[in-house]
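Trainee: What shape does this take:
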Amino acid sequence: MDKLENKIAVIGSGHMAQALVRGLVNCGVEAASITVSNPSGSGLIQIQKEFGARVTRSNLVAEQADWIFIAVKSVVVREVMRELSVIGEGKLIISLVAGVSIKTLKSYANNDSQRFIRIMPNISVAYNRGVIGFFANKRLTANSQVHALRELLSRLGQVIILKREQDLELLTVMAGCGPAIVARFMQMLSSFG
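Mentor: Numbers count the residues shown, from 1 in each chain. This is a model prediction of the structure:
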């Protein structure tokens with residue numbers, strides 16, 4: 001992989017954030033270019049030890065990043081977006097938050113200069129075999145940063161570009177729950193043997 005010039009901030013340190021960081025490092029992104037934040041500190045030491053990424057308790061690390069992945073639960077996304085409303089122009093904010101639309105994210109951020117993209121990856125991105133739903137507004141699709149982001153995400157698995165934002169929810173159910181449903185089905189079949 002060509003050297004990634006973009007600095008990445010991952011806001012949140014839960015399962016999906018860890019899967020994202022693992023996948024990025026696995027596909028050749030330098031751990032030093034990734035910073036993970038969580039004000040509670042939860043999971044940060046593990047991320048630093050396991051992946052070598054930088055960690056901090058300040059979400060304002062996003063000010064130094066080019067791409068900002070929001071990987072928090074929907075109950076805290078309003079607070080996080082308000083905190084990030086001070087970051088400057090030219091940043092891509094990539095939301096992994098299920099069920100929260102770009103329109104809602106913009107209203108929380110109250111900053112018209114920020115550019116939002118929504119992705120819905122499944123946990124398999126940790127092993128570069130994920131399925132990633134990708135939605136960007138039409139005015140962003142020709143942007144070179146968005147193109148570079150899609151290229152990077154394709155190294156984490158199959159990127160499915162969606163024309164309608166609401167299709168992310170359907171894809172989330174299928175891609176996120178699909179492996180668990182198949183595993184349960186296989187388990188049930190094996191019990192008949």
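Trainee: Which stretches in this structure count as helices?
Mentor: 15-26, 44-51, 77-84, 102-109, 144-154, 167-171, 177-190 (DSSP state H).
Trainee: And the second one, what's buried?
Mentor: By neighbour count, and taking 16 or more other CB atoms under 10 Å as the criterion, the buried residues in helix 44-51 are L44, I47, F51. Every residue, glycine included, has its C-beta placed from N, CA and C.
Trainee: So for V61, which of the helices of the chain sits nearest?
Mentor: helix 77-84 (10.2 Å; CB to CB).
Trainee: contact partners of that closest one?
Mentor: Identification of contacts with helix 77-84 by CB atoms under 8 Å, 6 or more residues apart in numbering yields 11, 59-60, 62, 68, 70, 72, 93, 95, 97, 100, 105, 108-110, 114.
Trainee: residues touching I160, list them.
Mentor: V131, I132, G133, F134, L171.
Trainee: coming back round to it: out of the contacts of helix 77-84, which is nearest to L24?
Mentor: Nearest to L24 among the contacts of helix 77-84, with distances taken as CB to CB, is I68, at 13.7 Å.
Trainee: How about the contacts made by that closest one?
Mentor: Contacts of I68 by CB under 8 Å, 6+ apart are I8, A9, I11, A62, L84, I87, K91, L92, I93, I94.
Trainee: wait, which of these is closest to L24?
Mentor: I8 (7.1 Å).
Trainee: Now do the closest one: how many residues are near it, please.
Mentor: A count of nearby residues for I8, using other CB atoms under 10 Å, gives 24.
Trainee: correct me, but it touches S33?
Mentor: Yes - using CB atoms under 8 Å, I8 makes contact with S33 at a distance of 6.0 Å.
Trainee: Next, format the buried residues of helix 44-51 as JSON lines and append pLDDT.
Mentor: Formatted as JSON lines, these follow (pLDDT from 0 to 100):
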{"residue": "L44", "pLDDT": "96"}
{"residue": "I47", "pLDDT": "96"}
{"residue": "F51", "pLDDT": "96"}
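Trainee: What does the closest residue to L96 other than its chain neighbours show for phi and psi?
Mentor: Using CB to CB, 6 or more residues apart in numbering and skipping the chain neighbours, the partner closest in space to L96 is A71 (4.6 Å). As for A71, its main-chain torsions (degrees, to the nearest 10) stand at phi -120, psi 60.
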